[in-house]
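K.L.:
Give me the fold of what follows.
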Amino acid sequence: MKKNDIALLILIVAVSFLIAWFAANALIGSPKAQTVKVKTAEEISPTVETPDKRIFNSNALNPTVERSIGKSADKLPFSSPTE
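P.N.:
Numbering: from 1, shown residues only. Below you'll find the model as predicted:
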């Protein structure tokens, strides 16, 4: 390429960039400072209500307590019988 071709190419790129810059500013515009109203969080009450007797069964099994049915043949499920 000749020096004139490179200069012309740089000029075309610069003019294209300027056109794109002004077109984007015309379409999008600059951001404006706006006030926004935000909902505030409500305070959580420290009191705990008792659960409804129709829904909560106080005689139900506690799923956090380990239950076993019968005797286990092996104390460790993956141990070898010789140990």
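K.L.:
Any regions of this protein where pLDDT drops low?
P.N.:
Scanning the chain for pLDDT under 70 picks out 67, 72-83.
K.L.:
where do the strands sit along it?
P.N.:
For the chain, no strands turn up when DSSP state E is the criterion.
K.L.:
how about the helices in the protein?
P.N.:
For the chain, applying DSSP state H gives helices covering 3-27.
K.L.:
Next up, phi/psi of the most centrally placed residue in it, please.
P.N.:
Residue closest to the mean C-alpha point of the chain, counted by Cα atoms, centre = their mean, is residue 41 at 20.1 Å. Dihedral pair for residue 41: phi -80, psi 140, per degrees, to the nearest 10.
K.L.:
Look up how far residue 35 lies from it.
P.N.:
Distance of residue 41 to residue 35, given as Cβ to Cβ, to the nearest Å: 20 Å. For every residue, glycine as well, the C-beta is placed using N, CA and C.
K.L.:
Then residue 12?
P.N.:
Taking Cβ to Cβ, one finds residue 12 at 44 Å from residue 35.
K.L.:
Which of those two has more residues huddled nearby?
P.N.:
Taking neighbours as other Cβ atoms under 10 Å, residue 12 and residue 35 compare with residue 12 leading, 10 against 4.
K.L.:
list the contacts for residue 63?
P.N.:
Under the criterion of Cβ atoms under 8 Å, 6 or more residues apart in numbering, residue 63 has no contact partners.
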